[in-house]
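Engineer: predicted coordinates and the sequence they were generated for:
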Amino acid sequence: MLAPVTTVFRTPVEPARAPQMAAPTLGTNTIIASPLKQHRIAGALLTTDPRIDLLADGSPGPRLFKIKTADSFVRRNSAASLLKNRYSWRGYQSVSLPSEQQANRITLSALEDDATIGTITVGLDGPEGMNSDDIFADENNALRAEGRKLCEFTKLAVDPISGTKRVLAALFHVACVIAYRIRKHDTLVIEVNPRHVKYYERMLGFRVIAPPRMNRSVNAPAVLLMADLSYIMGQVEQFGGKMELAGEERSLYPFFFSIDEEIRIVTKLVAAQRVGAAVVN
């Protein structure tokens with residue numbers, strides 16, 4: 001969901017407020033590029049079985065990865081292949097991506113030399129609902145009744161050889177920017193395997209709002225977690241871009257982008273969305 005010309009950020013952009021846009025697409029430009037360092041082999045990273053505790057830190061180094069929208073056939077096929085590989089490796093039922101990017105289902109890819117090393121999908125609540133409504137409709141409806149504007153992150157996977165905590169944090173950060181800064185959603189829900197609930201609580205500040213149930217799409221148990229996006233962005237403001245604090249701040253937030261980098265991401269996405277609106281209109 002996101003069309004022509006690839007660019008990489010090299011210089012900062014002055015802060016800009018992100019207006020609420022109605023455009024259904026974003027654009028295919030590179031959203032941001034970030035340094036990545038070679039590291040030890042890591043475990044699988046899935047929405048329902050996220051071994052983020054096995055991912056290496058990935059301190060700044062000569063390698064670069066880019067965050068892009070998976071809006072082309074090649075990029076979506078590559079993201080789908082990574083998902084299939086990681087889910088089948090864990091013994092889950094295979095998952096797939098729609099053939100095209102959708103207005104309320106925005107898939108992001110982390111790429112190194114055009115190889116997909118991570119992916120995540122931002123699901124924005126709307127008339128068609130969300131994937132988690134399949135087994136957690138009551139809990140989601142209770143949040144909606146409070147006046148919350150929901151979103152969910154699904155189909156998360158990071159390559160165990162090339163991925164690091166920086167890749168995971170970058171995907172999460174850009175996904176949060178899209179959901180919170182661009183589309184103005186305020187509450188994030190995710191489904192994770194019960195074994196890894198405590199890690200998500202500690203690493204990102206999520207809290208449990210529903211007990212384990214069987215996720216039929218992957219045939220595995222899942223727990224519903226939620227977090228206020230304002231809390232996540234507040235943690236980013238405090239710790240983002242400060243990898244030197246990773247030893248004392250036992251969360252994922254030092255691996256997120258800095259506020260200056262976030263401003264550049266917002267500016268990029270708003271500009272891409274304006275281009276998308278011009279094309280649609």
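Structural biologist: Noted; the coordinates are in hand. Computed from a predicted model, the values in this text were never measured in an experiment.
Engineer: could you list the low-pLDDT ranges of the stretch 151-281 of the chain?
Structural biologist: Low-confidence segments of the stretch 151-281 of the chain (pLDDT under 70): 275-281.
Engineer: all strands of it, in order?
Structural biologist: 187-192, 207-215, 220-228 (DSSP state E, counting those that start in this stretch).
Engineer: tell me the most buried of those strands?
Structural biologist: strand 187-192 (a mean of 24; mean count of other CB atoms under 10 Å). From N, CA and C alone the C-beta is placed, and that goes for glycine too.
Engineer: end-to-end on stretch 64-81?
Structural biologist: For stretch 64-81, the first-to-last residue distance is 21 Å (CA to CA, to the nearest Å).
Engineer: I'd assumed Ser251 was in contact with Gly205.
Structural biologist: Yes - with contact defined as CB atoms under 8 Å, Gly205 counts as touching Ser251 (7.3 Å).
Engineer: identify the contacts common to the two.
Structural biologist: When contacts are counted by CB atoms under 8 Å, 6 or more residues apart in numbering, the set common to Gly205 and Ser251 consists of Gln235.
Engineer: mind putting the strands of the stretch 151-281 of the chain into a markdown table with distance to Ile265?
Structural biologist: Below are those laid out as a markdown table (distance: least, CB to CB, whole Å):
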| stretch | distance to Ile265 |
| --- | --- |
| strand 187-192 | 17 |
| strand 207-215 | 26 |
| strand 220-228 | 19 |
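Engineer: distance of Gln68 from Leu168?
Structural biologist: Just to correct that, residue 68 is Lys rather than Gln. 16 Å (CB to CB, to the nearest Å).
Engineer: quick one: the strands in the stretch 1-150 of the chain, in order.
Structural biologist: Counting by DSSP E, counting those that start in this stretch, the strands of the stretch 1-150 of the chain are 32-36, 63-69, 105-112, 115-124, 150-158.
Engineer: relative to Ile31, how far out is Phe239?
Structural biologist: For Phe239, the distance to Ile31 - CB to CB - is 21 Å.
Engineer: distance check, the closest residue to Met243 other than its chain neighbours against Ile32.
Structural biologist: Spatial nearest neighbour of Met243, excluding adjacent residues (CB to CB, 6 or more residues apart in numbering): Pro254 at 5.1 Å. For Pro254, the distance to Ile32 (CB to CB) stands at 17 Å.
Engineer: higher neighbour count, those two?
Structural biologist: Pro254 (24 against 21; other CB atoms under 10 Å).
Engineer: these two touch, right, that one and Leu245?
Structural biologist: Yes - using CB under 8 Å, Pro254 is in contact with Leu245, at 4.7 Å.
Engineer: common neighbours of the two, please.
Structural biologist: In contact with both Pro254 and Leu245: Phe239, using CB under 8 Å, 6+ apart.
Engineer: who's in contact with Phe239?
Structural biologist: Phe239 neighbours (CB under 8 Å, 6+ apart): Leu245, Glu249, Ser251, Tyr253, Pro254, Phe256.
Engineer: with distance to Ala272 as extra columns, can I get the residues you listed in JSON lines?
Structural biologist: Shown next, in JSON lines, are the contacts of Phe239 (distance: CB to CB, whole Å):
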{"residue": "Leu245", "distance to Ala272": "31"}
{"residue": "Glu249", "distance to Ala272": "32"}
{"residue": "Ser251", "distance to Ala272": "30"}
{"residue": "Tyr253", "distance to Ala272": "26"}
{"residue": "Pro254", "distance to Ala272": "28"}
{"residue": "Phe256", "distance to Ala272": "21"}
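Engineer: and those, which is closest to Ile182?
Structural biologist: Of all those, Ile182 sits closest to Phe256, with 16.7 Å by CB to CB.
Engineer: hang on, the closest one packs against Ala169?
Structural biologist: Yes - at 4.7 Å, Phe256 and Ala169 qualify as touching, with contact defined as CB under 8 Å.
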